[in-house]
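1. The following block contains a protein sequence and its predicted model.
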Amino acid sequence: MKIINLKVFAILLAGLLFLGSNQIMSQKGRNMECSQKGPGSQCNIPDLTEAQQKKIDELKLSHQKNMLQYKNELAEKDAHLQTLRTADKADMNAINKTIDEIGAIKVQMMKEKENHRQQVRAQLSDEQKVQFDMSQGKGCGGGCGNCGMGKGMHGGKGPGSGQGNNK
């Protein structure tokens, strides 16, 4: 009797796990579907015209190029900081200077991201702006990579061009 109850419990538990994982996968699928619609398809921005899509795509490419330069500079500074930190005799002046330089790059990245966001918003109608503003940082709106806005590197804990979850 105990063996039968244990088997029934195991089967029910396996079924619940399967249903739960299936639900999670279907939710991921919706977000992925959104980001896979290709360039110009703006998730959560209704009724974009072809002209709007084209202009936003142009803005996105320019933004991505700028952000790549900042990311490269930031990676170099991070590597230099690591070298300074692990030296036999740490030079605190050099460490602090590098930290300040990293901070300045992050400020520039934030300014670039906001400039890009405002350039995209300028292409939208009032109704589209509302949808765009409501979707920033949630699911597809700013995070599917279609306009180069999103959470950034390290799951939203650092700077980034916001290429969705690609970076």
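-> Looks like it arrived, so ask away. Note that the structure is a prediction, hence the values are computed from the model and not measured. Residues are numbered from 1 along each chain as shown.
2. I'd like to know which elements the lengthiest helix in the chain is packed against.
-> The helix of greatest length in the chain, counted in residues with DSSP state H as the criterion, is given as helix 50-85. In terms of contact count using 3 or more C-beta pairs under 8 Å, 6 or more residues apart in numbering; DSSP states H and E, helix 50-85 is assigned the packing partners helix 92-121. Every C-beta, even on glycine, is put in place using the N, C-alpha and C of the backbone.
3. Taking helix 50-85 as reference, get the angle to the helix it packs on.
-> Computed by axes from the mean of the first three to the mean of the last three C-alpha atoms, to 10 degrees, the angle separating helix 92-121 from helix 50-85 equals 170 degrees.
4. Give me the average confidence score over the longest helix of the chain.
-> Averaged over helix 50-85, pLDDT sits at 96.
5. do the same with stretch 124-137
-> The model assigns stretch 124-137 a mean pLDDT of 89.
6. same question, stretch 7-21
-> When the per-residue pLDDT values of stretch 7-21 are averaged, the result is 67.
7. ok, residue 69 to residue 128 distance?
-> 30 Å (C-beta to C-beta, to the nearest Å).
8. And those two? Which one has more around it.
-> When residue 69 is set against residue 128 and neighbours are counted by other C-beta atoms under 10 Å, the residue ahead is residue 128, at 20 against 13.
9. Now name the helix or strand holding the more buried one.
-> With the criterion set as DSSP states H and E, the secondary-structure element containing residue 128 is helix 126-135.
10. Appreciated, that's everything.
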